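Asks: Dropping a prediction and its sequence here:
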Amino acid sequence: MGFLCKDSLCHGREMEEECLNTESVGNDDDADECGIEGDCAMTEYVNQTGVIENPLPPSVGMEFESYEDVYYFYNCYAKQQGFGIRVSNTWYRKSKERYRGKLSCSSAGFKKKSEANRPRPETRTGCPAMVKFRLMENKRWKIIEVELEHNHLITPGSGKFYKSHKIIGPGTKRTLQLDGPEEVQKIKLFRTVIVDAEGNGGVDTDGGQFGNDVLLPSQLKLKEGDAQAVQSFFFRLQLMDPNFFYVVELNEKGYMRNLFWTDARSRAAYGYFCDVIAIDTMCLTYKFEVPLVAFIGVNHHGQPILLGCGMLADETTESYMWLLRAWLTCMLGRPPQAIISDHHKTLQTAIADVFPRASHCFYLSRILQRIPEALGELFDFEAIKVSLSKVVYCFLRPEEFEAAWEEMTQHHGIRDHKWIQTLYEDRKRWVPAYLKETFLPGMLPLQQNETAFSFFEGYLDRHTSLKEFMDNYDQALQANRQLESLADMDSRNSSFMLKSRCFFELQLSKLYTNEILRRFEREVEGMYSCFSTRQAYVDGQVMTYLVKEEVEVEGSKRETRDFEVMYNASEMDVLCVCGLFNISGYLCRHALSVLNQNGLKEMPPQYILTRWRKDMKRSYVLDHSCRGIDINNPIHRYDHLYKCIVRVVEEGRKSQHCSEATQQALADMLNKLHLVEDRPPAM
């Protein structure tokens with residue numbers, strides 16, 4: 001049904017004009033507007049310098065300078081995802097000014113029926129994927145509605161030809177705007193509507209009112225010389241690493257608002273360890289002078305690895321969403337399976353928006369660290385602290401935890417305490433009893449005395465200035481990478497000293513890195529504390545065992561606990577109620593006891609994780625295809641040769657012999673290049 005332009009809206013004439021609109025535009029349209037449909041002359045828009053590589057998915061609130069920018073952005077996204085687009089609707093005012101538009105998947109709608117004898121077959125599917133956007137009072141275009149799901153198969157990065165993609169020319173994505181003649185490009189990250197901590201509406205950063213509050217433009221609190229230090233820092237890192245990535249968001253007055261950066265090694269490392277990441281916002285929580293946010297992973301030695309950094313002017317949901325989208329774009333749009341963060345509502349909202357399919361957990365250790373701050377004013381604070389820790393760590397089933405929590409809060413009279421209520425509402429994100437289904441290998445501390453690691457510990461504290469941090473940044477990275485190299489060498493060249501003749505330990509000693517073996521060894525030794533393993537009942541193929549273990553409680557006291565373990569002999573699946581495998585990445589003593597009692601001499605293959613193996617070659621170099629190399633472009637040549645030579649360096653560093661051979665080969669290569677350079681060109 002078309003949108004009808006009523007007589008009172010068209011200069012008062014007694015007429016009714018039907019506009020070729022596929023749907024009503026709703027109640028937010030001006031009185032003198034109507035719409036048109038068709039493939040408008042957007043294919044003539046060629047004033048972009050190149051493509052947006054790995055563009056962000058469109059989302060409500062993104063803003064653009066022009067109508068053409070919206071089209072260009074959505075078209076780049078469509079090309080990367082593997083579908084074409086078309087202009088479904090454009091709405092005009094009487095003054096011929098465009099004020100609203102709708103872009104759809106090229107498979108949207110259906111073709112008109114043809115009277116031809118041999119009509120062409122239908123190729124459209126009525127696909128719902130689209131974006132709607134409109135012109136705001138500040139003269140920028142804002143996305144107001146998005147549908148990302150398609151009703152047909154699309155193949156990301158397939159390179160399939162679509163008519164709309166003809167406007168996208170070849171180009172190389174670069175993130176640093178130099179002052180020289182090099183043809184480099186910027187990455188645009190588009191601003192979104194602010195959403196407050198309660199999930200209510202927000203405020204347009206440009207003054208367009210969406211709520212009752214007005215947010216003044218925020219900016220990083222920089223001291224004299226800090227801005228120049230940031231610029232020099234980014235220039236230096238990019239000169240060292242052509243694949244170094246950074247992006248800066250400016251506020252309306254042109255001041256730095258938010259920053260994000262990462263290097264090639266971090267991007268490559270994420271390819272191996274993308275199952276779980278931590279977003280460390282401790283510097284914001286405790287008001288450090290450097291408002292740092294760090295993206296942290298865990299490598300094959302259980303060591304922290306840096307996957308990116310950001311600095312934020314504030315802790316609004318908008319800033320967090322900007323940072324998360326920047327990081328996701330840099331990591332080629334591959335979200336992690338699980339994310340761990342501090343317990344912040346604004347960050348929780350942002351993670352849910354940017355990573356809707358990822359499991360989101362909170363740092364248990366940091367929640368417990370906040371007990372003095374949140375409950376310190378209470379009379380029996382120390383007793384509450386002990387009781388709270390016991391309830392969290394000692395009860396393995398959700399129903400047991402909830403009953404114990406209720407009893408504890410009633411006993412201490414803190415049931416109505418606001419912080420306690422918030423913790424209970426979010427219990428499924430931080431209490432171990434609820435996290436057994438979430439895969440968090442090596443990222444979540446289990447013991448009461450363990451704390452979440454900080455990548456920059458020793459290099460950054462509350463009073464470290466921005467300049468000092470940037471001076472220390474390289475040292476922190478080099479120290480971390482040296483520890484990884486030493487651990488690689490230790491695992492590769494020395495045999496792990498077994499403390500027992502356990503079949504499982506012997507098996508993993510040939511596969512796993514030494515540090516993971518040391519952790520697994522504690523579970524092997526713990527098998528001797530499991531003094532009784534008996535079959536309780538059978539349900540089809542699944543046998544349930546009760547494993548008794550003596551555990552230490554409250555210092556030197558010991559008590560006996562029962563652990564329920566389910567075992568399926570046909571599938572060789574074993575599952576313990578303690579959930580250690582998902583949290584740590586190796587089987588617990590209770591599961592090992594059941595496997596041992598059933599006569600297994602080797603660990604089932606599904607419990608041997610690739611992420612812990614020492615025999616897997618990991619090259620921290622981005623492995624991009626060279627199909628897009630333009631041999632006439634000096635920047636392309638430089639980037640490609642740099643990636644190739646770094647592979648040589650990675651191989652050459654493995655031993656003294658390899659290093660000497662590499663140096664000789666490089667010297668020979670330089671001599672050959674000098675000969676080529678001195679040779680006169682062929683006529």
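Replies: Now that the structure is in, tell me what you want to look at.
Asks: Going by neighbour count, which residues of the longest helix seen in the chain are buried?
Replies: The residue-count maximum for a helix in the chain (DSSP state H) belongs to helix 466-493. Of the residues in helix 466-493, 466-470, 472-473, 476-477, 480-481, 484, 487-488, 491 count as buried by neighbour count, 16 or more other C-beta atoms under 10 Å. Quick note: C-beta positions are derived from backbone N, CA and C, even for glycine.
Asks: which among those residues gets closest to F395?
Replies: Using C-beta to C-beta, A487 comes nearest to F395 of the buried residues of helix 466-493, at 35.5 Å.
Asks: wait, the closest one sits on N480?
Replies: No: contact status for A487 versus N480: not in contact, 10.9 Å apart, counting by C-beta atoms under 8 Å.
Asks: Quick check: neighbours shared by these two?
Replies: Q303 (C-beta atoms under 8 Å, 6 or more residues apart in numbering).
Asks: Pick out the least confidently modelled helix or strand of this protein, by mean pLDDT.
Replies: Every helix and strand of the chain was ranked by mean pLDDT, DSSP states H and E. The lowest is strand 3-5, at a mean of 28.
Asks: Tell me where the stretch 401-550 of the chain has strands.
Replies: Under the criterion DSSP state E, counting those that start in this stretch, strands of the stretch 401-550 of the chain are mapped to 530-539, 542-553.
Asks: From the chain's centroid, how far away is stretch 382-394?
Replies: Centroid separation for stretch 382-394 versus its chain: 33 Å, with C-alpha atoms, centre = their mean, to the nearest Å.
Asks: contacts for that stretch?
Replies: 364, 368, 371-372, 375, 378, 401, 404-405, 408, 411-412, 414, 431-432, 448, 553.
Asks: if you average pLDDT over that stretch, what comes out?
Replies: Stretch 382-394 shows a mean pLDDT of 90.
Asks: Kindly report the same for stretch 400-415.
Replies: If you average the per-residue pLDDT over stretch 400-415, you get 95.
Asks: before we move on, what about stretch 507-526?
Replies: 93.
Asks: Residues in a beta bridge with D539, which ones?
Replies: In this entry, D539 is beta-bridged to V542, by DSSP bridges.
Asks: if I look at it, how far off is M566?
Replies: Remark: distance between D539 and M566 (C-beta to C-beta, to the nearest Å) = 9 Å.
Asks: Settle it for me: which of the two has more neighbours?
Replies: With other C-beta atoms under 10 Å as the criterion, D539 and M566 differ in neighbour count, and M566 comes out ahead with 17 against 8.
Asks: Please identify the deepest-packed of the strands of the stretch 401-550 of the chain.
Replies: Mean neighbour counts were compared across these using mean count of other C-beta atoms under 10 Å; the top stretch is strand 542-553, at a mean of 17.
Asks: Which neighbours in the sheet does the helix or strand just after it have, and how are they oriented?
Replies: Using DSSP states H and E, the helix or strand that follows strand 542-553 towards the C-terminus is strand 557-568. According to DSSP bridges, the neighbouring strands of strand 557-568, each with its direction, are strand 542-553 (antiparallel), strand 573-576 (antiparallel).
Asks: Give me the angle between strand 557-568 and strand 530-539.
Replies: Going by axes from the mean of the first three to the mean of the last three C-alpha atoms, to 10 degrees, strand 557-568 is angled at 40 degrees with respect to strand 530-539.
Asks: roughly how far out does strand 557-568 sit from the chain middle?
Replies: For strand 557-568, the distance between its averaged C-alpha position and the chain's averaged C-alpha position is 36 Å (C-alpha atoms, centre = their mean).
Asks: just stretch 579-588 next, same as before
Replies: On the basis of C-alpha atoms, centre = their mean, stretch 579-588 sits 23 Å off its chain's mean C-alpha point.
Asks: Straight-line length of it, end to end?
Replies: Using C-alpha to C-alpha, to the nearest Å, the end-to-end distance of stretch 579-588 comes out at 8 Å.
Asks: Identify the residues contacting it?
Replies: Outside stretch 579-588, the residues that reach it (C-beta under 8 Å, 6+ apart) are 396, 432, 435-442, 444, 446, 504, 508, 516, 519-520, 523, 526, 574, 576, 578, 591, 595, 603, 607, 609, 611-612.
Asks: what comes up buried for that stretch?
Replies: Across stretch 579-588, burial judged by 16+ other C-beta under 10 Å covers G579, L580, F581, N582, I583, S584, G585, Y586, L587, C588.
Asks: What does the pLDDT read for the fourth one?
Replies: At N582 the predicted local distance difference test score is 93.
Asks: Assign a three-state SS to it, would you?
Replies: The assignment at N582 comes out as helix when based on DSSP: H, G, I helix; E, B strand; the rest coil.
Asks: so how far is L364 from it?
Replies: From N582 over to L364 the distance is 14 Å, taken as C-beta to C-beta.
Asks: so where do the strands sit in the stretch 251-400 of the chain?
Replies: Assigned strands in the stretch 251-400 of the chain, in chain order: 256-262, 276-280, 292-298, 304-312, 338-341, 359-362 (criterion: DSSP E, counting those that start in this stretch).
Asks: Turn the ones you listed into CSV, including mean neighbour count.
Replies: Conversion of those to CSV gives the following (neighbours: other C-beta atoms under 10 Å):
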stretch, mean neighbour count
strand 256-262, 24
strand 276-280, 26
strand 292-298, 23
strand 304-312, 24
strand 338-341, 23
strand 359-362, 21
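Asks: re the thing from before, can you lay out the strands of the stretch 401-550 of the chain as TSV showing mean pLDDT and distance to A269?
Replies: TSV is the format used below for the strands of the stretch 401-550 of the chain (pLDDT from 0 to 100; distance: least, C-beta to C-beta, whole Å):
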stretch	mean pLDDT	distance to A269
strand 530-539	92	37
strand 542-553	91	36
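Asks: what residue ranges in the stretch 101-250 of the chain are flagged as low confidence?
Replies: Within the stretch 101-250 of the chain, the stretches falling below the threshold (pLDDT under 70) are 112-122, 157-161, 166-217.
Asks: the helices in it, which residues?
Replies: Assignment of helices within the stretch 101-250 of the chain using DSSP state H, counting those that start in this stretch yields the ranges 226-240.
Asks: quick one, strands of it?
Replies: Ranges of strands within the stretch 101-250 of the chain are 130-135, 141-147, 245-250, based on DSSP E, counting those that start in this stretch.
Asks: okay, these in TSV with distance to K390 next?
Replies: Compiled in TSV, the strands of the stretch 101-250 of the chain are given as follows (distance: least, C-beta to C-beta, whole Å):
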stretch	distance to K390
strand 130-135	52
strand 141-147	47
strand 245-250	45
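Asks: got CSV for the ones you listed, with mean neighbour count and distance to A665 too?
Replies: What follows is these, written out as CSV (neighbours: other C-beta atoms under 10 Å; distance: least, C-beta to C-beta, whole Å):
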stretch, mean neighbour count, distance to A665
strand 130-135, 21, 52
strand 141-147, 19, 53
strand 245-250, 21, 30
